[in-house]
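Colleague: give me the fold of what follows.
(2 chains)
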Amino acid sequence: MKKIIIILLFFFVSFGNANSLIKVDITRGNLDPLPIAVSPLHIDTKSENLESLKKEKLGESISKIIENNFRGTGLFNPLKKDAFVQKPDIAHIKPRFEDWRLIKAQALVTGKILVKDEKLKVEFRLWDLTASKEMVALSFTTTPSNWRRVAHIISDKIYERLTGETGYFDTRIIYVSETGPKDQRVKKLAIMDQDGNGTKYLTLGNELVLTPRFNPTNQLVTYMSYFKNMPRVYLLDIETGIQEVVGNFPGMTFAPRFSPDGKKIIMSFAKDGNSDIYSMDLETREVEKITDHSAIDTSPSYSPDGKYISFNSDRSGIQQIYVMRSDGTQVKRITFGKGLYGTPVWSPRGDLIAFTKVRKGRFYIGVMRSDGTGERLLTENYYQEAPSWSPNGRVLIFYRETKTDSKGKGFSAKLWSIDITGYNERMIKTETDASDPSWSTLLSK
Amino acid sequence: MKFNSALRNLVLVLFSTLLISACSTAKKAKVDTSDDVYTGTETVEYLAKGVPDRVFFATNKSSLTTRSRDTLRKQATFLRKNKDVTVTIEGHADERGTREYNLALGERRANAAKDYLMTYGVSGKRMTVISYGKEKPVNPASTPLAWSQNRRSVTIKTN
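Modeller: Numbering: from 1, shown residues only, chains lettered A, B, ... in the order given. Alright, predicted model coming up:
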């Protein structure tokens, strides 16, 4: 895997004042998405290999990625380019605001590309068409092969400026790629950009792999593998491809997740029919037993400040969600609704816990406050589970499996996302069937 | 007249016998589970003649039924007789639970079988346990019957 690339933020032309007229509210379902025009980025005539650059249509490709990102949020409505009234190069210098308002656009993105000395420089501006002024102007310099990431970073900057929240476009998803019939699935670790591009496979599919999760810097992944028929938690360095077993447990370890500082892995260890929660310090290799109960304790997840752990346990007789201090004290059950509750995952903002609920043969993805109050079920289906948060805590990604017929045919597993408002449910395109998604943090901060 | 009514009775008896037998076959095909535990033989394989390789469980449970104990005692007898045989006990769950919980549940089921075999004189050293959770269904259908067949622990000879 390529090294994390360095993108230089070159200059910072201006930053419009905060009380601008256009503002997108993302705290509720947006039924009236903001009309936005993304003008193709034009190519500076001073560029090297100008003709081939024009042929490659890099400027259009970048604008398409931005549009696709915006459309995916459900908060923006990117307008069709054939209605655009101004040439990209002229609009970038100074748009005729009244002309753009005519096509009902409220915001406009323009930009310019320059390739010089084997470096790609991308400049963009965001215009508030209602107030007739520039809101953001930024430029990035990087190697030309990183053009997709530049498009995602631009999307994040615009999203941030218009919603007041950090974006989630310059991110990756790690997941389990699935092929073959339901009773003989071949599973591989796979990683892709948040928009489904650039898929890479990290394992060959010789052994069953499950539940990959990123560390906070996105360079390491912890997951479970059945290598040599010994189901254990592993640690994989994405850049070097080096992997190792986590700890020296005499039995199955599973359900791993990093602590928010990335120093520990928390997981379950099953021995003699009982699963408890353990943590291991990656540096000192020190193992700590956190729960000690004859019931099944699994699916642990730290709060973002590292002070608490949420997990599911069947100590009450059925699977429910609990919260405890990270040393294992003060265990408190937080779900009391009808049905089973599992896979708690703490929001990166700390305010909510996402979960899977099973009731009357149906599976729900929901969110609740970290004390268990305010439960909201976002989506219902035959089978879905394992939510993972976008880095800004606004979107959940999870996987969904279809019901098969009486011969076991018709099976599929796909990744889906939904806003925590309950709106904007979407299938995420993947090259193969997919499950167990985990969302990275922002690659560039 | 009398003869007629006797004939009619006979016909009735014949007819109701047919009806009952039809009922009982229909019932037999349907009720392959008792209290949510699979009792059929469709997926079962054998360690030796008369020694079934697997036992079944109720949803979210790992307790052994009378029938399961009977099967495991047969396995124990077989293993005591064949002292060089080592086994892996696989624990499985159906597809109607979350993945991680099912891994734990499969492990609990396999150990329930292992513990029972140990009480009947099989050394723990001859048995290894592995859980596959919901990852390896024996029947890929999304039906209550398939789920009951998938909630299982299977004893497999490893040598």
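
Colleague: which bits of chain B sit near chain A?
Modeller: B:60, B:62, B:95-101, B:103-105, B:107-108, B:110-112, B:115, B:129-132, B:135-143, B:146 (Cβ under 8 Å from any Cβ of the partner chain). Any C-beta I mention is one placed from the backbone N, CA and C, and that applies to glycine too.

Colleague: what pLDDT is listed against the closest residue to chain B within the stretch 51-200 of chain A?
Modeller: Relative to chain B, the nearest point of the stretch 51-200 of chain A is A:Lys182 (3.9 Å; Cβ to the nearest Cβ). A:Lys182 carries a pLDDT value of 96.

Colleague: ok, A:Ser63 next?
Modeller: For A:Ser63, the model assigns a pLDDT of 96.

Colleague: mind listing the helices for the chain?
Modeller: With no chain named, the answer covers chain A. A:50-56, A:58-73, A:88-93, A:97-102, A:147-163 (DSSP state H).

Colleague: you answered for a different chain; I wanted chain B.
Modeller: Remark: helices assigned in chain B by DSSP H are B:2-30, B:66-81, B:99-119, B:144-150.

Colleague: ok, which stretches of the stretch 301-445 of chain A are strands?
Modeller: A:308-313, A:320-325, A:332-333, A:340-346, A:352-359, A:362-369, A:376-381, A:383-389, A:395-401, A:413-419, A:426-428, A:433-439 (DSSP state E, counting those that start in this stretch).

Colleague: out of the ones you listed, flag the one nearest chain B.
Modeller: strand A:340-346 (4.0 Å).

Colleague: circling back: could you dump the helices of chain A to TSV with mean neighbour count and distance to chain B?
Modeller: Below are those laid out as TSV (neighbours: other Cβ atoms under 10 Å in any protein chain shown; distance: least, Cβ to the nearest Cβ, whole Å):
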stretch	mean neighbour count	distance to chain B
helix A:50-56	13	43
helix A:58-73	21	26
helix A:88-93	18	48
helix A:97-102	16	49
helix A:147-163	23	30
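
Colleague: let me see the domain layout of chain B.
Modeller: Annotated domains of chain B cover B:1-30, B:32-157 [automatic domain parsing].

Colleague: any chance of those in CSV, with mean neighbour count and mean pLDDT too?
Modeller: As requested, the domains of chain B are exported to CSV (neighbours: other Cβ atoms under 10 Å in any protein chain shown; pLDDT from 0 to 100):
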stretch, mean neighbour count, mean pLDDT
domain B:1-30, 9, 48
domain B:32-157, 20, 97
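
Colleague: between the ones you listed, which gets nearest to A:Thr284?
Modeller: For those, proximity to A:Thr284 was assessed by Cβ to Cβ; domain B:32-157 is nearest, at 26.0 Å.

Colleague: can you list the helices of chain A in a markdown table and add distance to A:Ala295?
Modeller: Listed next are these as a markdown table, based on distance: least, Cβ to Cβ, whole Å:
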| stretch | distance to A:Ala295 |
| --- | --- |
| helix A:50-56 | 59 |
| helix A:58-73 | 40 |
| helix A:88-93 | 62 |
| helix A:97-102 | 62 |
| helix A:147-163 | 42 |
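
Colleague: lowest-confidence stretch among the ones you listed?
Modeller: Per-stretch mean pLDDT for the helices of chain A is lowest at helix A:50-56 (a mean of 81).

Colleague: same for that helix, what does it pack against?
Modeller: With contacts defined as 3 or more Cβ pairs under 8 Å, 6 or more residues apart in numbering or on different chains; DSSP states H and E, helix A:50-56 has these neighbours: strand A:42-43.

Colleague: circling back: possible to save the strands of the stretch 301-445 of chain A as JSON lines with mean pLDDT, mean neighbour count and distance to chain B?
Modeller: JSON lines is the format used below for those (pLDDT from 0 to 100; neighbours: other Cβ atoms under 10 Å in any protein chain shown; distance: least, Cβ to the nearest Cβ, whole Å):
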{"stretch": "strand A:308-313", "mean pLDDT": "98", "mean neighbour count": "24", "distance to chain B": "6"}
{"stretch": "strand A:320-325", "mean pLDDT": "98", "mean neighbour count": "21", "distance to chain B": "11"}
{"stretch": "strand A:332-333", "mean pLDDT": "98", "mean neighbour count": "12", "distance to chain B": "16"}
{"stretch": "strand A:340-346", "mean pLDDT": "98", "mean neighbour count": "26", "distance to chain B": "4"}
{"stretch": "strand A:352-359", "mean pLDDT": "98", "mean neighbour count": "24", "distance to chain B": "5"}
{"stretch": "strand A:362-369", "mean pLDDT": "98", "mean neighbour count": "21", "distance to chain B": "8"}
{"stretch": "strand A:376-381", "mean pLDDT": "97", "mean neighbour count": "16", "distance to chain B": "12"}
{"stretch": "strand A:383-389", "mean pLDDT": "98", "mean neighbour count": "24", "distance to chain B": "5"}
{"stretch": "strand A:395-401", "mean pLDDT": "98", "mean neighbour count": "24", "distance to chain B": "7"}
{"stretch": "strand A:413-419", "mean pLDDT": "97", "mean neighbour count": "21", "distance to chain B": "11"}
{"stretch": "strand A:426-428", "mean pLDDT": "96", "mean neighbour count": "15", "distance to chain B": "19"}
{"stretch": "strand A:433-439", "mean pLDDT": "98", "mean neighbour count": "24", "distance to chain B": "7"}
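
Colleague: how about those in JSON lines, adding distance to B:Ile89?
Modeller: Shown next, in JSON lines, are the strands of the stretch 301-445 of chain A (distance: least, Cβ to Cβ, whole Å):
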{"stretch": "strand A:308-313", "distance to B:Ile89": "24"}
{"stretch": "strand A:320-325", "distance to B:Ile89": "28"}
{"stretch": "strand A:332-333", "distance to B:Ile89": "32"}
{"stretch": "strand A:340-346", "distance to B:Ile89": "25"}
{"stretch": "strand A:352-359", "distance to B:Ile89": "27"}
{"stretch": "strand A:362-369", "distance to B:Ile89": "29"}
{"stretch": "strand A:376-381", "distance to B:Ile89": "33"}
{"stretch": "strand A:383-389", "distance to B:Ile89": "26"}
{"stretch": "strand A:395-401", "distance to B:Ile89": "27"}
{"stretch": "strand A:413-419", "distance to B:Ile89": "28"}
{"stretch": "strand A:426-428", "distance to B:Ile89": "38"}
{"stretch": "strand A:433-439", "distance to B:Ile89": "26"}
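
Colleague: B:Arg80 is nearest to which of these?
Modeller: Comparison of the strands of the stretch 301-445 of chain A against B:Arg80 by Cβ to Cβ identifies strand A:308-313 as nearest, at 37.2 Å.

Colleague: may I have the closest one as PDB, with CA atoms only?
Modeller: Taking Å, rounded to 0.1, in the frame of the first residue of the first chain, the C-alpha atoms of strand A:308-313 are listed here in PDB:
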ATOM      1  CA  TYR A 308     -15.600   4.000  29.400                       C
ATOM      2  CA  ILE A 309     -16.200   0.800  27.500                       C
ATOM      3  CA  SER A 310     -19.500  -0.300  26.000                       C
ATOM      4  CA  PHE A 311     -20.100  -4.000  25.300                       C
ATOM      5  CA  ASN A 312     -22.800  -6.600  25.000                       C
ATOM      6  CA  SER A 313     -23.500  -9.400  27.400                       C
END
